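Chemist: test case, fold it:
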Amino acid sequence: CYIWRPGKWERARFNAELEQRVAERTVQLELANTELKAFAYSVSHDLRAPLRAIEGFSRLLLEEHLDRLDHKGQHYLQRVRSNAQKMDQLIQDLLAFSRMGRAALDIRPVQPTAIARQVFSELRREEPTRQVQFSLTDLPSCQADAALLKQVFVNLLSNALKFTRQERLTHITVGYRQTGSEGAYFVQDNGVGFDMRYIDKLFGVFQRLHSVEEFEGTGVGLAIIKRIIHRHGGLVWAESYPNQGATFFFTLPDVVICSGASTYDGT
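Modeler: Residues are numbered from 1 along each chain as shown. Predicted coordinates for the structure are as follows:
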């Protein structure tokens with residue numbers, strides 16, 4: 001049988017067409033990024049300005065004319081303020097999510113143990129009366145963007161504290177689990193957990209597995225974590241059962257395993 005093979009001129013034509021397609025897609029991508037930046041700028045300035053006005057004037061109304069409002073009027077005004085603040089927080093989270101895909105990474109050696117300890121100390125000051133047992137095992141160092149890795153721990157530890165709020169004694173553990181040649185950092189809690197049937201929704205933007213009435217939040221935090229870890233070339237996943245807590249795992253490249261790990265217990 002006869003087997004056709006492209007000749008010199010056919011290969012040149014194919015390469016030229018491929019280069020042309022790549023150039024066209026690059027232009028389209030640059031245009032899409034420009035439009036996204038313009039959209040983010042518009043959201044940040046044009047949409048947040050009226051929200052700040054609503055929140056500001058409603059606050060002045062409550063402070064200066066409270067005696068003219070009956071109980072129902074005060075309640076309605078508080079609802080207006082509360083929803084304006086929630087909308088502003090939602091916009092902030094959406095902008096943060098958008099920036100995660102554009103900002104350049106500052107990759108350098110970092111110590112996750114110090115970052116996790118600092119984040120927990122900062123969050124702990126917001127709820128000083130809670131009974132919280134915090135266990136932190138020495139974590140392997142790695143190559144990462146320190147600011148973004150801190151954001152990962154902020155989001156994970158904030159969630160751990162939020163979803164354990166109903167527990168008399170909160171248990172939160174930050175550690176590293178090695179299985180053969182694979183290893184992952186993890187944050188574990190003893191909170192309300194979630195049903196693994198809905199795991200596909202967990203890291204999506206604006207996806208929530210609990211109602212706003214139960215737990216506050218905008219549904220963007222885990223999506224931000226996923227984008228940060230994926231930009232580092234790692235993976236993120238979770239394991240949980242309802243009312244049995246949750247464990248969130250993530251991997252990072254170039255992890256350096258150190259022997260002689262110690263454990264820090266903080267309350």
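Chemist: the strands in the protein, which residues?
Modeler: For the chain, strands defined by DSSP state E occupy the ranges 107-110, 132-137, 142-145, 170-179, 182-189, 236-240, 246-250, 263-266.
Chemist: among those strands, which comes closest to A49?
Modeler: If you check each of those against A49 by CB to CB, strand 142-145 wins as the nearest, at 31.1 Å. Quick note: C-beta positions are derived from backbone N, CA and C, even for glycine.
Chemist: in the closest one, what's buried?
Modeler: Using 16 or more other CB atoms under 10 Å as the test for burial, strand 142-145 gives C142, Q143, A144, D145.
Chemist: looks like the third one contacts V110 (just checking).
Modeler: Yes - taking contacts as CB atoms under 8 Å, A144 lies within contact range of V110: 5.1 Å.
Chemist: what about R48, distance to A84?
Modeler: From R48 over to A84 the distance is 10 Å, taken as CB to CB, to the nearest Å.
Chemist: ok so, going back, farthest pair in the buried residues of strand 142-145?
Modeler: Greatest spatial distance among these (CB to CB): C142 and D145, at 10.6 Å.
Chemist: just give me the neighbour total for K86.
Modeler: 15 (other CB atoms under 10 Å).
Chemist: just G73 next, same as before
Modeler: G73: 14 neighbours (other CB under 10 Å).
Chemist: repeat for the one 10 residues further on
Modeler: Residues within reach of N83, counting by other CB under 10 Å, total 13.
Chemist: one step back: the strands of the chain: lowest mean pLDDT?
Modeler: With a mean of 55, strand 263-266 has the lowest mean pLDDT of the strands of the chain.
Chemist: now the stretch 1-150 of the chain, which segments are flagged as low pLDDT?
Modeler: 1-8, 10, 29-46, 93-94, 96-103 (pLDDT under 70).
Chemist: whoops, I mixed them up, the stretch 151-267 of the chain
Modeler: For the stretch 151-267 of the chain, applying pLDDT under 70 flags the ranges 180, 205-219, 256-267.
Chemist: can you give me the helices in it?
Modeler: Per DSSP state H, counting those that start in this stretch, the stretch 151-267 of the chain carries helices over the ranges 199-202, 221-231.
Chemist: which of the ones you listed sits most buried?
Modeler: Across those, averaging neighbours per residue (mean count of other CB atoms under 10 Å) puts helix 221-231 on top, at a mean of 21.
Chemist: correct me, but F163 touches V187?
Modeler: No - with contact defined as CB under 8 Å, F163 does not reach V187; the gap is 11.3 Å.
Chemist: re the thing from before, who has more neighbours, R48 and A84?
Modeler: Neighbour count, other CB under 10 Å: between R48 and A84, A84 has more, with 20 against 15.
Chemist: residue contacts, the more buried one?
Modeler: Contact partners of A84, counting by CB atoms under 8 Å, 6 or more residues apart in numbering, are L51, I54, E55, S58.
Chemist: for D189, which non-adjacent residue is spatially closest?
Modeler: A160 (4.0 Å; CB to CB, 6 or more residues apart in numbering).
Chemist: what residues does L222 make contact with?
Modeler: N155, N159, L202, F203, Q207 are the contacts of L222 under CB under 8 Å, 6+ apart.
Chemist: meant to ask about V132
Modeler: Listed by CB under 8 Å, 6+ apart, the contact partners of V132 are R124, L161, T164, L169, T170, I172, T267.
Chemist: from L169, how far off is it?
Modeler: Going from V132 to L169 by CB to CB gives 8 Å.
Chemist: check H230 too.
Modeler: Distance, H230 to L169, using CB to CB: 35 Å.
Chemist: just to revisit the earlier point, rebuild the helices of the stretch 151-267 of the chain as CSV, extending it with distance to E182.
Modeler: Listed next are the helices of the stretch 151-267 of the chain as CSV, based on distance: least, CB to CB, whole Å:
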stretch, distance to E182
helix 199-202, 20
helix 221-231, 15
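Chemist: out of those helices, which is closest to A16?
Modeler: helix 221-231 (33.2 Å).
Chemist: so how far is that closest one off the chain centroid?
Modeler: Mean-position distance between helix 221-231 and its chain equals 5 Å (CA atoms, centre = their mean, to the nearest Å).
Chemist: before we move on, what about stretch 114-125?
Modeler: Using CA atoms, centre = their mean, the offset of stretch 114-125 from its chain centre is 17 Å.
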